[in-house]
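> Kindly return the folded structure for what I paste below:
(one chain, ligands or ions: 1)
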Amino acid sequence: MLEHLNPQSEDKIMALMKLYREDTREGTVDLGVGVYKTATGVTPIMRAVKAAEQQLWNVQTTKVYTGLAGDPAFGAALSNLVLGDAVAADRLALTGQPGGTGAIHQALELIKIANPDATVWISAPTWPNHPSIIRHLGLAMAEYRYFDDESRGIDFDGLMTDLAGAKRGDVVLLHGCCHNPTGANLTLPEWAEVIALLEKTGATPLVDIAYQGFGDGLDEDAAATRLIASSLPETLIAASCSKNFGIYREHTGLLMAVSDGAAQSGVTQQNLTHLNRQNFSFPPDHGARLVTMILEDDTLRADWMAELEEVRTSMLALRESLARELRRATGSDRFGFLADHRGMFSRLGASPEQVEELRVKHGIYMIGDSRMNIAGLNADTVPVLADAIAAVGI
Ligand code: LMR
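Residues are numbered from 1 along each chain as shown. This next block holds a predicted model:
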């Protein structure tokens, strides 16, 4: 039977991680996978996470199963972080998921049950795993224009024109903040226009929010998601704790389905819980428990927020110094957009050949579409990158 399997095309982010690990040259720079690194190149366990783990070790007396939808306290704490009081609790159905990817996958499975003929609209470009999961589940897919290669900003007219083609029963996948891979984000007035369009077409938004706190701040980064959820009758939201709690390998996420009212919400919850049972039964608990402890405890929460703010501002400072260094190295302002983008990533606007030259000649690793993980830089490597970009002639 297994002889009928065909090789799968490798995910480009995972392939680059492997190439980087195999490169034995001195001084290579990893701007590939989206992982936060300090100036010394480490991805630390956040202080509040470590403290919560210590407390948990002392107080936890059992590892018996939680609920099929995960610990309700986790759902309440994380949905509150994302949504604040934007929607009434009885409109919410929640399930703990293995990471943001698990939440996206589960949301798409729910969509497939609700409407197998749905077309899922994705931004051009988007995180490569979005189209991959959509294809894997056999759902139809369409792209909407998003990034303008020329300005390195948003092609808002193109976006609005394309999304006008989405119908009731379709799903529009949106990045709640810190767009991956481009770093270019809609303004709140632009979001309001997108919401009005969604209302008109009747299409359902699926919001992927994986970088809350990495852009303009925790509340600011959740503002668009809150506006969407409070304005429209239904919204699906996939949240990840990998980045903002730095608990990548714990793979902690939450799927939130906002329905029209309590009756619908009950049926949605029942379907989500059923999907958990089919896919993995109980979601992993360790990361979810740490997040709950941090969010529920004033001291831990304050320390986590302070450290997250250090992470956010250090990425902003890197953006500004890279834009400055590029002005020095190239004598041009054309990379000024880097300081305006938000989140971990920016798309540099280099050709695949130039990206390859950066890797082969300069030991600088970025994704083939020229997505850079800004958090992979530090004060020493910013000028190195700027000089290499100038040398390659990008
Ligand atoms: C990324 O885009 O680099 C991260 O979201 C990690 C991943 O799973 O791809």
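> Contacts only, for the residue nearest to Ala69 when sequence neighbours are not counted.
Spatial nearest neighbour of Ala69, chain neighbours left out: Thr95 (4.5 Å); criterion: CB to CB, 6 or more residues apart in numbering. Just so you know, the C-beta spots here come from the backbone N, C-alpha and C atoms, and that holds for glycine as well. The contact partners of Thr95, by CB atoms under 8 Å, 6 or more residues apart in numbering, come to Ala69, Gly70, Gly75, Gln106, Leu254, Leu255, Leu272, Thr273, Leu275, Asn276, Pro283.
> what helix or strand does Asn80 sit in?
Using DSSP states H and E, Asn80 sits in helix 72-83.
> Please export the alpha-carbon coordinates of that helix; PDB is fine.
C-alpha atoms of helix 72-83 as PDB (Å, rounded to 0.1, in the frame of the first residue of the first chain):
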ATOM      1  CA  PRO A  72     -12.500  26.200  30.100                       C
ATOM      2  CA  ALA A  73     -10.300  28.600  32.200                       C
ATOM      3  CA  PHE A  74      -7.800  28.700  29.300                       C
ATOM      4  CA  GLY A  75     -10.500  29.500  26.800                       C
ATOM      5  CA  ALA A  76     -11.900  32.200  29.000                       C
ATOM      6  CA  ALA A  77      -8.400  33.800  29.700                       C
ATOM      7  CA  LEU A  78      -7.100  33.700  26.100                       C
ATOM      8  CA  SER A  79     -10.400  34.800  24.500                       C
ATOM      9  CA  ASN A  80     -10.400  37.700  26.900                       C
ATOM     10  CA  LEU A  81      -6.900  38.600  25.900                       C
ATOM     11  CA  VAL A  82      -7.800  38.600  22.200                       C
ATOM     12  CA  LEU A  83     -11.400  39.900  22.300                       C
END
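> Tell me the helices and strands packed up against it.
strand 92-98, helix 218-231, strand 235-240, strand 252-258, helix 286-296 (3 or more CB pairs under 8 Å, 6 or more residues apart in numbering; DSSP states H and E).
> coming back round to it: the contacts of Thr95: which two are farthest apart?
Spatially, the most separated pair among these is Gly75 and Leu275, at 14.9 Å (CB to CB).
> Adding mean pLDDT, write the helices and strands packed on helix 72-83 out as JSON lines.
Formatted as JSON lines, the helices and strands packed on helix 72-83 follow (pLDDT from 0 to 100):
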{"stretch": "strand 92-98", "mean pLDDT": "98"}
{"stretch": "helix 218-231", "mean pLDDT": "98"}
{"stretch": "strand 235-240", "mean pLDDT": "98"}
{"stretch": "strand 252-258", "mean pLDDT": "98"}
{"stretch": "helix 286-296", "mean pLDDT": "98"}
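> ok, and which of those has the densest surroundings?
strand 252-258 (a mean of 28; mean count of other CB atoms under 10 Å).
> Next secondary structure element downstream of that strand?
Counting by DSSP H and E, what follows strand 252-258 is helix 262-279.
> And the helices and strands packed on helix 72-83: which comes nearest Phe335?
helix 218-231 (23.8 Å).
> who does the closest one touch, helix- and strand-wise?
Using 3+ CB pairs under 8 Å, 6+ apart, helix 218-231 is in contact with helix 72-83, helix 188-201, strand 204-209, strand 235-240.
> any idea which of these is most buried?
Scoring these by mean count of other CB under 10 Å, the most buried comes out as strand 235-240, with a mean of 27.
> and that one, which strands flank it?
strand 204-209 (parallel), strand 252-258 (antiparallel) (DSSP bridges).
> Turn these into JSON lines, columns for distance to the ligand.
Below are the strands paired with strand 235-240 laid out as JSON lines (distance: least, CB to the nearest ligand atom, whole Å):
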{"stretch": "strand 204-209", "distance to the ligand": "10"}
{"stretch": "strand 252-258", "distance to the ligand": "12"}
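> Out of those, which gets nearest to Glu3?
Of all those, strand 252-258 comes closest under CB to CB, at 35.5 Å.
> Can I get stretch 244-251 in PDB? Just the C-alpha atoms.
The C-alpha coordinates for stretch 244-251 follow below in PDB (Å, rounded to 0.1, in the frame of the first residue of the first chain):
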ATOM      1  CA  ASN A 244       3.800  36.200  22.500                       C
ATOM      2  CA  PHE A 245       4.400  33.700  25.300                       C
ATOM      3  CA  GLY A 246       7.500  32.300  23.600                       C
ATOM      4  CA  ILE A 247       6.200  28.700  24.200                       C
ATOM      5  CA  TYR A 248       6.800  27.500  20.600                       C
ATOM      6  CA  ARG A 249       7.300  23.800  21.400                       C
ATOM      7  CA  GLU A 250       4.300  23.600  23.800                       C
ATOM      8  CA  HIS A 251       2.200  24.300  20.700                       C
END
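> Briefly note if that stretch comes near the ligand.
No. Stretch 244-251 stays clear of the ligand (CB under 6 Å from any ligand atom), getting no nearer than 8.1 Å.
> Any idea how many residues pack against the nearest residue to Leu358 once chain neighbours are set aside?
Leaving out its chain neighbours, the residue that sits closest to Leu358 by CB to CB, 6+ apart is Ile364, at 4.4 Å. When neighbours are counted by other CB atoms under 10 Å, Ile364 registers 24.
> residues contacting Ile364?
By CB under 8 Å, 6+ apart, the neighbours of Ile364 are Thr28, Val29, Leu31, Leu358, Val384, Leu385, Ala388.
> Just the ones of the residues you listed in helices?
Leu358, Val384, Leu385, Ala388 (DSSP state H).
> can these go into TSV with extra columns for pLDDT?
Output for the ones in helices among the contacts of Ile364, formatted as TSV (pLDDT from 0 to 100):
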residue	pLDDT
Leu358	98
Val384	96
Leu385	97
Ala388	97
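> Tell me which two in those residues are the farthest apart.
The widest separation within the ones in helices among the contacts of Ile364 (CB to CB) is 10.8 Å, between Leu358 and Val384.
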